[in-house]
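Enquirer: Structure of the sequence below:
(3 chains)
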Amino acid sequence: MDVVRPEFVPDPSLSTAEMETLQRDIARAAVFEDDHAVDPESVAIDGPVGQSTLGEAGDGSVDEPDTDRPLVAGVDQAFVGDRAVSAVVVLRGREVVERVYAVESTEIPYVPGLLSFREGGAILSAFAELDHEPDIVFVDGSGRIHYREAGLATHVGVTLDVPTVGVAKNLLCGTPRESLDRKLPEGARVPIDADDEVETAENGVCIGYAVQTRQYESETQYVNPLLVSPGHRVSAETAADLVLATAAGYKLPEPTRLADDYADEVKTDV
DNA sequence: GCGACAG
DNA sequence: ATCTTGTCGC
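Expert: Next up, the predicted model:
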């Protein structure tokens, strides 16, 4: 798939002020409500998808040809020295229909709030190799949960004009409506509200959710929730629904988990 | 001046 | 993100 909004392609050579200005423009172009045709129930995955097998399930059985089901993609990056590997995995149900990757040299260091200018280029290069057009894309990192409501998932979504969901392991900014310190039950979600750190939104606006995709039985030990936010053309509620529907026994939703594995696999080769 | 900070 | 063995607890 190709870039739809070339003016938003992340340029690492911009000054910090220019990057921030671009992010405010991106946030204004972003749609934080549902504008897609994916019913979360239609993408539900019951158990883990088998390792690197294209076209068949992990138990060796061939899946039903349900070509009407939506395509859900996951994208993740791995790093080798000064190069970034971006890997994309596309699923239809529990079937892997396509995997692509791209390698790009990193031009700038990681700066909180400006992640898309470091990793965005490699991600767009990987999507340029993709034949299928995903109905939803899970991006590793924040979307609307961002100082200017323009995190990596939002930047990629708006630039490609594809529905995206941000899936992060840590909270960048915003305030959880209730403490995340306690142990949350599997399936639970806690709203993340905009605060003074989020300069483009009114305080109290829900910009995402902490989502508990997995939890231990034990009383003392617990898994931290994921931080899910709208990237583009997806509401916060639906973003949380989609992540819970595609989580299949692991903390990360399957598309993201498989992209994670694929990026590591590619990293070992080149 | 101090704290906070996705990947 | 990445460097890395064992270890504690499901």
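
Enquirer: quick one: A:Val137 and A:Ile145, what's the gap?
Expert: A:Val137 sits 17 Å away from A:Ile145, going by CB to CB, to the nearest Å. Glycine gets a C-beta too; all of them are placed from N, C-alpha and C.

Enquirer: got it, and A:Glu18?
Expert: Counting by CB to CB, the gap from A:Glu18 to A:Ile145 is 23 Å.

Enquirer: who has more neighbours, the two?
Expert: The neighbour comparison of A:Glu18 against A:Ile145 (other CB atoms under 10 Å) goes to A:Ile145, with 28 against 12.

Enquirer: host element of A:Glu265?
Expert: Per DSSP states H and E: A:Glu265 is located in helix A:254-269.

Enquirer: Quick one: residues in contact with that helix.
Expert: A:45, A:48-49, A:51-52, A:72-80, A:85-91, A:94, A:96, A:99, A:101, A:103, A:138, A:140, A:167, A:246-248, A:250, A:252 (CB atoms under 8 Å, 6 or more residues apart in numbering).

Enquirer: buried sites along that helix?
Expert: A:254-263, A:265-267 (16 or more other CB atoms under 10 Å).

Enquirer: and if you look at stretch A:151-162?
Expert: A:Gly151, A:Leu152, A:Ala153, A:Thr154, A:His155, A:Val156, A:Gly157, A:Val158, A:Thr159, A:Leu160, A:Asp161, A:Val162.

Enquirer: Which single one of those is nearest to DNA strand B?
Expert: A:Gly151 (3.1 Å; CB to the nearest atom of the strand).

Enquirer: Pull up the residues of chain A that are close to DNA strand C.
Expert: A:77-79, A:110, A:140, A:169, A:216-221, A:264, A:267 (CB under 7 Å from any atom of the strand).

Enquirer: Just the buried subset of the residues you listed, written out for PyMOL, thanks.
Expert: Listed next is the PyMOL selection for buried residues among those, using 16+ other CB under 10 Å:
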select buried, chain A and resi 77+78+140+267
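
Enquirer: In JSON lines: the residues of chain A next to DNA strand C, plus secondary structure, distance to A:Glu197 and pLDDT.
Expert: Below are the residues of chain A next to DNA strand C laid out as JSON lines (DSSP: H, G, I helix; E, B strand; the rest coil; distance: CB to CB, whole Å; pLDDT from 0 to 100):
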{"residue": "A:Gln77", "secondary structure": "strand", "distance to A:Glu197": "25", "pLDDT": "97"}
{"residue": "A:Ala78", "secondary structure": "strand", "distance to A:Glu197": "29", "pLDDT": "96"}
{"residue": "A:Phe79", "secondary structure": "strand", "distance to A:Glu197": "27", "pLDDT": "96"}
{"residue": "A:Tyr110", "secondary structure": "coil", "distance to A:Glu197": "18", "pLDDT": "96"}
{"residue": "A:Asp140", "secondary structure": "strand", "distance to A:Glu197": "21", "pLDDT": "97"}
{"residue": "A:Lys169", "secondary structure": "coil", "distance to A:Glu197": "19", "pLDDT": "96"}
{"residue": "A:Tyr216", "secondary structure": "coil", "distance to A:Glu197": "31", "pLDDT": "87"}
{"residue": "A:Glu217", "secondary structure": "coil", "distance to A:Glu197": "36", "pLDDT": "82"}
{"residue": "A:Ser218", "secondary structure": "coil", "distance to A:Glu197": "34", "pLDDT": "81"}
{"residue": "A:Glu219", "secondary structure": "coil", "distance to A:Glu197": "34", "pLDDT": "77"}
{"residue": "A:Thr220", "secondary structure": "coil", "distance to A:Glu197": "32", "pLDDT": "79"}
{"residue": "A:Gln221", "secondary structure": "coil", "distance to A:Glu197": "30", "pLDDT": "81"}
{"residue": "A:Asp264", "secondary structure": "helix", "distance to A:Glu197": "32", "pLDDT": "94"}
{"residue": "A:Lys267", "secondary structure": "helix", "distance to A:Glu197": "33", "pLDDT": "94"}
